[in-house]
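Undergrad: 3D, please:
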Amino acid sequence: MRFTHFIFAIGLALLTAQAQAVGSLVDVTVYDRAENRTLPVYFHGGRYYVVGKPGNEYQVTIRNRQSADIMTVVSVDGVNAVSGETAHWSQTGYVFGAGVSYAISGWRKSLQHVARFYFTELENSYAARSGRPENVGVIGVAVFRRKNEPTVGLGRIWEQKREAHRLESAGPNASADSMADNVAEKSIRQPAASPPLPAEKSLGTGHGASEQAPVRYTNFERASATPDEVITLYYDSYRNLQAQGVIRSPAVARPAPFPGQFVPDIN
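TA: The predicted structure is shown next:
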C-alpha cells in the first residue's frame, strides 16, 4: 500500500550550527526569524528544550543526514503541521531527498502557502483555539525510511540495509546517545525533579500571517509502520525554563568587604 505525502520543491543546505541540532537520522533545529539565529538547545531531565520569545516568528529546520529519501511527520503542540489533525505518526508529512535541508515555517494551508509559526501565550495558540490545549509547548518529528524496492537501485538498497543493520547492532539507546552528542555546550544535565509552578504564562505556537512555501505531492511507502526515530523538542519562555530548573539562574555578583589591601589615591 502506498501513502501520499508532500515533498519539497526546493531543498536548501540551511543548517550551520550542528551543536544546536537534535537528531540522528536527521538534524532538527529551531530558528528564531525575528532574531535571525538558531536557538540553543538545553538538556534537562532527559529532555531537550529551546527558549521562545512571545511574538517572535520561528521555523523548524530539518536536514536529512541519509543518502536516501526519508519522510517526516511534523507535530507542533500536538497538531500535525500539514493536515491540522491531532498528530499521529501514521499521518501525512514531508518527504526529503538525500542530504536535503528545508525550513518548515508554518501550518500548511495549501501546496503554495503556510500560516507562519510564532511564539504566543498558550490561550492564543492554534492548538488551544482549536480546542486542543493539552499538548502545547512541544515540537515532534517522526522519521521514516522508505521501503526498499528490490528491482530498482540495488546498490542503494544495500547501503540502506547496511545502515539499518548498524543501528540495530548499536541497540535501542544508539539514537538517544547520538542526539545527546549534538546538544549545545550550554546544555545542563541535572537529575529530573518535579518542576515548580511556571513564573509566567506558558508559550504555544500561533497561526500567523500567510507566506509562500511551495511543495508538491509525491508517493512514499514507509519501511515500517513505526518511526525509525522520534525527535522531541520542548519550548517555553526563559523565565519558565528557569523556574523548571532547565536553565540555571546566573550567579549574582555580591559586594566584597575586603577587595583590596590599601586605600588608593583618587585622581
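Undergrad: remind me which residues of the protein are low pLDDT?
TA: Flagging of the chain using pLDDT under 70 yields the residue ranges 1-19, 149-199, 251-252.
Undergrad: For it, which segments count as helices?
TA: 126-129, 154-170, 174-181, 238-243 (DSSP state H).
Undergrad: Other residues contacting the shortest one?
TA: Residues from elsewhere that reach helix 126-129 (CB atoms under 8 Å, 6 or more residues apart in numbering): 76-79, 107, 122-123, 133, 135-136, 204-207. Backbone N, C-alpha and C define where each C-beta goes, glycine included.
Undergrad: how about a cut-off of 10 Å?
TA: Contacting residues not belonging to helix 126-129 are listed as 76-79, 81, 84, 86-87, 106-107, 115, 117, 120-123, 132-137, 204-208 [CB atoms under 10 Å, 6 or more residues apart in numbering].
Undergrad: List only buried entries from those residues.
TA: Buried subset of the contacts of helix 126-129 (neighbour count, 16 or more other CB atoms under 10 Å): 76-79, 81, 86-87, 106-107, 115, 117, 120-122, 132-133, 135-137, 204-208.
Undergrad: what about residue 214, neighbour count?
TA: Close neighbours of residue 214, defined as other CB atoms under 10 Å, add up to 12.
Undergrad: And for residue 264?
TA: Neighbours of residue 264 under the rule other CB under 10 Å: 7.
Undergrad: Over to residue 236?
TA: 27.
Undergrad: Could you verify my assumption that it touches residue 205?
TA: No. With contact defined as CB atoms under 10 Å, residue 236 does not reach residue 205; the gap is 11.7 Å.
Undergrad: Need the overlap of contacts for these two.
TA: Shared contacts of residue 236 and residue 205 (CB under 10 Å, 6+ apart): 52, 119, 122, 136, 137, 138.
Undergrad: I'd like these written out as a markdown table, with distance to residue 70 added.
TA: Listed next are those as a markdown table, based on distance: CB to CB, whole Å:
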| residue | distance to residue 70 |
| --- | --- |
| 52 | 27 |
| 119 | 28 |
| 122 | 32 |
| 136 | 27 |
| 137 | 26 |
| 138 | 21 |
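Undergrad: Quick check: of those residues, which lies closest to residue 254?
TA: Comparing the shared contacts of residue 236 and residue 205 against residue 254 with CB to CB places residue 52 closest, at 31.5 Å.
Undergrad: What degree of burial does the closest residue to residue 44 other than its chain neighbours show, as a neighbour count?
TA: Among residues not flanking residue 44 along the chain, residue 246 sits closest, at 4.3 Å (CB to CB, 6 or more residues apart in numbering). Close neighbours of residue 246, defined as other CB under 10 Å, add up to 24.
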